[in-house]
Structure formats: C-alpha cells, structure tokens
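[1] Next input, structure requested:
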Amino acid sequence: MLLAVPRDPVARNATLEGAALQSAREKYFDYIAGASLDRSEPIESDEQARAEIASDLSEALDDTLHNHTDKLNKLRELHVFGQLSHNEKGNLIAPGSLDESGKPAEFSMMEQQMRAIYANAVKLLARFGATLDNVVEETLYVLDVDAAFAAAGKAHKEAYGAARPQCASNLIGVTRLAFPEQLIEITFKAALSG
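    Model prediction:
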C-alpha cells in the first residue's frame with residue numbers, strides 16, 4: 001500500500017496510525033473469516049459455544065491492534081511543558097527586576113507573567129483543536145508561593161472564566177527557573193477529544 005505522508009507531525013502521526021489500524025483490522029477480519037469452533041469435542045450448551053467463540057475472538061485481537069489502540073489513546077493526551085511569559089519574538093513579558101546578585105528582587109510582575117503564560121497556552125492548545133477547557137491538570141512552578149497565590153485568583157478567573165479552574169492545579173515553590181527574570185513557569189496536561 002502506497003501512503004502519502006503529510007509534513008505536519010500531527011497529521012503524519014494520524015496518517016501512520018490510521019494505516020497501522022487498517023492493517024490490524026484487515027488481519028482481524030482475515031482471522032474471523034477462517035475462524036471456526038473446534039468440533040473435536042461435543043459442545044454441550046449454547047453458553048459453552050459462546051465461550052469458545054469469545055475465546056477465539058480474543059485471540060484474534062492480537063498485540064498489533066492493542067498496541068495501536070494504546071498509541072491512539074496516548075495521542076489524545078497533550079502535554080504542554082515549560083510555558084513562559086514570552087512574546088512571539090521570544091522576549092520575556094513583564095520580567096522581574098533583579099538585585100545586584102542577579103536574583104529576583106521582588107515579585108510584583110507575577111500576575112502579568114501568569115496572564116501571558118495563559119495567553120500563550122491558549123494559542124498553543126488551539127493548534128491542536130483544544131482550549132483551556134480541555135486542561136485536566138496544571139502545575140505552576142513559582143519563585144514566591146505567596147505572590148503566586150495572590151496573583152492566581154485574578155489570572156485564573158481571567159483565563160478559565162472561573163476563580164478556580166475545573167482541573168487539578170498544583171503550585172510548587174522552586175528556588176530557580178530557566179531565566180533570572182522569570183518568576184513563574186506552568187505546565188499543562190490536556191485531554192483531547194476524538
């Protein structure tokens with residue numbers, strides 16, 4: 001079978017998985033076409049006949065089909081790691097001010113960074129046909145837990161349309177993030193439909 005594989009990684013994965021599933025289906029139907037009950041021993045009841053057919057069918061669903069079902073289920077879960085408050089050019093939005101040693105001096109920019117991260121996540125999720133409503137878990141990594149709690153209420157309400165998101169939300173205080181001016185980083189796990 002000749003298969004045109006798209007350049008887009010999401011479309012490519014869907015095409016390759018579809019072809020593998022089609023191949024597994026064909027093997028399954030070939031098996032079913034030749035399946036028959038073992039008549040070497042008498043079948044004593046309809047229940048026994050159904051049990052033997054069920055056993056034959058379960059053997060027909062070989063590892064190929066199971067492996068591809070697992071892969072498709074994993075494709076329906078999206079992990080968005082390490083979202084920062086950066087713009088399209090990669091510049092940090094609302095960078096925190098630093099002291100003489102290069103460490104954050106204060107955390108007043110936490111809420112603005114949080115809003116920018118949620119805006120970036122919305123754009124990224126949209127590429128996969130998802131929204132923040134698809135998010136089932138978020139983890140906020142912050143340099144100052146108190147500043148994050150103060151900012152989270154407003155930022156969550158703005159991003160999710162509710163003061164508390166309808167997803168598991170974890171807030172973890174850390175001593176350092178990737179960039180000195182960075183006060184927060186958020187990861188998201190989204191469940192995609194279809």
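[2] For residue 140, which three-state class applies?
    strand (DSSP: H, G, I helix; E, B strand; the rest coil).
[3] Within its local environment, how many residues does it see?
    Using other C-beta atoms under 10 Å, the number of residues around residue 140 comes to 23. Every C-beta, even on glycine, is put in place using the N, C-alpha and C of the backbone.
[4] Tell me which residues touch it, please.
    The neighbours of residue 140, taking C-beta atoms under 8 Å, 6 or more residues apart in numbering as the test, are 114, 148, 152, 169, 170, 171, 172, 184, 185, 186.
[5] which residues of the protein score low on pLDDT?
    For the chain, residues meeting the criterion pLDDT under 70 lie at 1-76, 163, 193-194.
[6] hmm, back to that, buried subset of the contacts of residue 140?
    114, 148, 152, 169, 184, 185, 186 (16 or more other C-beta atoms under 10 Å).
[7] Tell me which entries of those lie within helices.
    114, 148, 152 (DSSP state H).
[8] The nearest residue to the second one once chain neighbours are set aside - how many residues pack around it?
    By the measure of C-beta to C-beta, 6 or more residues apart in numbering, the closest residue to residue 148 outside its immediate chain neighbours is residue 142, 3.9 Å from it. Here the count is done by other C-beta under 10 Å, and residue 142 has 25 residues near it.
[9] Please apply the same query to residue 113.
    With other C-beta under 10 Å as criterion, residue 113 counts 28.
[10] Over to the one 3 residues further on?
    One way to gauge burial is a neighbour count; for residue 116, by other C-beta under 10 Å, it gives 21.
[11] distance of it from residue 92?
    Per C-beta to C-beta, to the nearest Å, residue 116 is found 9 Å from residue 92.
[12] Mind listing the shared neighbours of these two?
    Common contacts of residue 116 and residue 92 (C-beta under 8 Å, 6+ apart): 85, 86.
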